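Asker: Return a 3D structure for these sequence lines:
(2 chains)
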Amino acid sequence: MSDPMRPLAHFVDFAALLRRAGFSVAPEQTMTWLAAIELLGPTGIEDIRRAAHAAMAPPPERFADFDALFDAHFLGAQSLVPEAEPSEDEPLRAAEDSAVGPEPEFGDEIGESGAQATSAERLSARRLAPGDEGEILRRFARALPARVPRRRGYRWRAARGGRGVDARRMFRDAMRNAGEFVRLRRRRRRLRQRRIVVLIDVSGSMKERTPPHLAFAHALTHAAASVEIFTVGTRLTRITRPLRLRNREQALATASLLVADWDGGTRIGDALNAFLAVPRFAALARGAALIVLSDGLERGDPTAMADAVARLARIAWRIIWLTPLAADPAFEARTAGLVAARPYLDKLSDGGSIDSICNNVLDLASEAA
Amino acid sequence: MAVRHTIVGIDSPRALEDALRAAYYLADEELSTAAYLALALGKPLLLEGAPGVGKTEAAKAIAGVLGRALLRLQCYEGIDATAALYEWNFPRQMLALRQEGAYGGNVDIYRDEFLIERPMLACLRRPQETILLIDEIDRSDHEFEAFLLEFLSDFQISIPERGAIRAYERPVVILTSNRTRELHEALRRRCVYHWIDYPSPEREMRIIMMRASGVGERAARAVVAAVGRLRREPLAKLPGIAEAVEWAEAATLLNEQGARWPEAFKRSLGVVLKDEDDLVHVAPKIDAILVEAQA
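Answerer: From the prediction side, this is the model:
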């Protein structure tokens, strides 16, 4: 060992390789791995592999990918590399290329015009005029605050009508009053609103529905405290920020400028995977009520879509899928993608009109109990 | 990173594997490596896997090997500090206030004797004698997970009336998850990770032979084959290792009382499948499965 850094670099490179293949590996984990290798005083490559498993914690369904990368990097099994790498990278890029640089998803923060100019795919700007659903949305906005899904917080707060006795506070009081309990104090769990995440399908088959969906998203953004809105088509675009503009017409106009994949094909599975691949976005879905507005006509691989929905279902609190096709009472999930994804959905229901979408959202909290 | 090469005489994954076997737990190399690394590097061990693959058993066996008491914290939705950390013993505090306060004394009602330890506090206070098992963490809320993250990085708890309590040595912590939901990335990062899969047929057979008394090799082999086959069916509740062991035992018992082999398995099927729908689903295929398993 003349140069101690050289073998080390080979290991660190592996961490970089993993990251390129879509595994999330923190520096802390690389360090754990190196410490583990040193500790085991490796007697063979299998020790190093096992240490990598333990330290990097690859998700079980990607063990095979992980091992293939490992073999390629350390054993030189080269045939596997080109297979493993692009297949992981491609869907991600497809969803992200609407902007520049390594973190393209944040287009709405970097500057919308820049994101706009580089997008090469089909781009059709569309004006979104508010229709006569205004009254329905106004009623929805008034009803929502009372019926928004909530979760119990971890902390307690003092409350007059609370269920629990706040013994701790009473004892503190008693200490001040010569050991006398003067009054009964009560407490209750703090309630917090669950985040509502809406994914709106803007592909060609949903063309008619997109404007009312965006109008709904705008109303929702202003009626509830914590809301995130994304559009899904051939890529994924976050439009939460423009929708925060109070004026609906202005908000929808700004949002529609940002979305570059109007009326394209649908690759929902890929878009959902892209959503999951950006930790910042995936974190938004954690414990949230996830609403997908889409007809589920997937042109890509239906299993990719089902896998993505399964993962989302494990992260989110509820996942409901509202499709305009379900307006027909005889509706059944028939498209390959939707059939595969159905077991993971908490609800597959009618999204044919603004009215039914609003009602489905208002029912979220009561159905959960 | 504080590295301990040897913990109670265990200086390698192999040594741990042997020690676990002596504690009647058959670990594979992956698990013993992960567990050894967690112990040596002073990091928590996160075990994920389907229900019934022996996650909790592994924790118990590790506690046995280390000769430490196992403190088990079962997670559930809505778990809070009073269940996980500590609670004040209010009735005793009240008594003390009434008694001593009556004599005009100055009472300190925040002494140790009024503190009820829950698993996390207990493990901080006696890190060398205990091992903390945080079971089924996927059932808890996200906020508890966030709190846990804090706990696992500092090993410190602050009690407003008392100040901070810190472990003088990194405690051994094992977390388990059934993966009904995905754990936070940061939590996975902080831990040494192991995904426990259903054991390979030959390892499962060894487990059955070791755990179940009086089960013949042929019966064990048949059970393993049949259970492996059942795990490929779309069942609501897949049979775990414990179910396989019980099935082997139950069928052996029935066989000793005179039931013939395939019949003995079939009649004790309720030990393996505990869901009405699952039984109905399997009913038409079970004969074929058993014949195939015995071959």
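
Asker: Where does residue 152 fall, secondary structure wise?
Answerer: This is for chain A. Secondary structure assignment for residue A:152, by DSSP states H and E: strand A:150-158.

Asker: You answered for a different chain; I wanted chain B.
Answerer: helix B:142-154.

Asker: And the next helix or strand after that helix, what does it pack against?
Answerer: Downstream of helix B:142-154, the first helix or strand assigned by DSSP H and E is strand B:156-159. Applying 3 or more Cβ pairs under 8 Å, 6 or more residues apart in numbering or on different chains; DSSP states H and E, one finds that strand B:156-159 makes contact with helix B:119-125, strand B:163-166. For the C-beta atoms, the positions are set from N, CA and C on the backbone; glycine is no exception.

Asker: is it true that residue B:207 touches residue B:28?
Answerer: No. Shown here, residue B:207 and residue B:28 do not form a contact pair, counting by Cβ atoms under 8 Å, at 11.0 Å.

Asker: Specify which residue of the two has the higher count of neighbours.
Answerer: residue B:207 (23 against 15; other Cβ atoms under 10 Å in any protein chain shown).

Asker: So what does residue A:193 look like in phi/psi?
Answerer: phi -70, psi 140 (degrees, to the nearest 10).

Asker: Surely it is in contact with residue A:148?
Answerer: Yes. Using Cβ under 8 Å, residue A:193 makes contact with residue A:148 at a distance of 5.4 Å.

Asker: any idea of the pLDDT on residue B:114?
Answerer: With respect to pLDDT, residue B:114 has a value of 91.

Asker: hang on, I meant residue A:147
Answerer: With respect to pLDDT, residue A:147 scores 87.

Asker: quick one, what contacts the residue lying closest to it once chain neighbours are set aside?
Answerer: Counting by Cβ to Cβ, 6 or more residues apart in numbering or on different chains, residue A:362 is the residue found nearest to residue A:147 once chain neighbours are left out, at 4.9 Å. Residue A:362 is in contact with A:140, A:143-144, A:147, counting by Cβ atoms under 8 Å, 6 or more residues apart in numbering or on different chains.

Asker: quick one: which of those is most hemmed in?
Answerer: Neighbour tally across the contacts of residue A:362 (other Cβ under 10 Å): the maximum, 22 neighbours, falls on residue A:140.

Asker: got a list of what that one touches?
Answerer: A:216, A:219-220, A:223, A:358, A:361-362.

Asker: what do you get for residue A:365?
Answerer: A:147-150.

Asker: my read is residue A:292 is in a strand, agree?
Answerer: Yes. If the criterion is DSSP: H, G, I helix; E, B strand; the rest coil, then residue A:292 is within a strand.

Asker: ok, it to chain B distance?
Answerer: 18 Å (Cβ to the nearest Cβ, to the nearest Å).

Asker: Let me know how buried that residue is, in neighbour terms.
Answerer: Counted with other Cβ under 10 Å, residue A:292 comes out at 25.

Asker: try residue B:294
Answerer: 15.

Asker: just the strands in the stretch 151-295 of chain B please.
Answerer: Assigned by DSSP state E, counting those that start in this stretch, the stretch 151-295 of chain B shows strands spanning B:156-159, B:163-166, B:172-177, B:192-196.

Asker: helices and strands around the second one, which ones?
Answerer: In this structure, strand B:163-166 makes packing contacts with helix B:119-125, strand B:156-159, judged by 3+ Cβ pairs under 8 Å, 6+ apart.

Asker: Adjacent strands (with direction) for that strand?
Answerer: When sheet partners are counted by DSSP bridges, strand B:163-166 sits next to strand B:156-159 (antiparallel).

Asker: Kindly state the domain boundaries assigned to the chain.
Answerer: Let's take chain A. A:5-76, A:106-145+A:194-368, A:154-191 (automatic domain parsing).

Asker: try chain B instead
Answerer: According to automatic domain parsing, the ranges for chain B are B:13-80+B:118-196, B:201-294.

Asker: how long is the first one end to end?
Answerer: Between the start and the finish of domain B:13-80+B:118-196 there is a gap of 16 Å, counting by Cα to Cα, to the nearest Å.

Asker: now swap in the shortest one and tell me
Answerer: Taking Cα to Cα, domain B:201-294 runs 14 Å from one end to the other.

Asker: Ramachandran coordinates for residue A:245?
Answerer: The phi/psi pair for residue A:245 (degrees, to the nearest 10) reads phi -60, psi 140.

Asker: which residues does it contact?
Answerer: A:251, A:254.

Asker: what about residue B:117, how many neighbours?
Answerer: 16.

Asker: Beta-bridge partners for it, please?
Answerer: What pairs with residue B:117, by the bridge criterion (DSSP bridges), is residue B:86.

Asker: hang on, isn't it packed against residue B:123?
Answerer: No. The criterion here is Cβ under 8 Å, and residue B:117 misses it with residue B:123 at 9.2 Å.

Asker: in the helix holding residue B:152, what's buried?
Answerer: Neighbour counts over helix B:142-154 (16 or more other Cβ atoms under 10 Å in any protein chain shown) mark B:142-145, B:147-149, B:151-152 as buried.

Asker: Quick one: work out the angle between that helix and strand B:172-177.
Answerer: Angle of helix B:142-154 versus strand B:172-177, following axes from the mean of the first three to the mean of the last three Cα atoms, to 10 degrees, is 150 degrees.

Asker: wait, does helix B:142-154 make contact with chain A?
Answerer: Yes. Contact of helix B:142-154 with chain A (Cβ under 8 Å from any Cβ of the partner chain) involves B:142-144, B:147.
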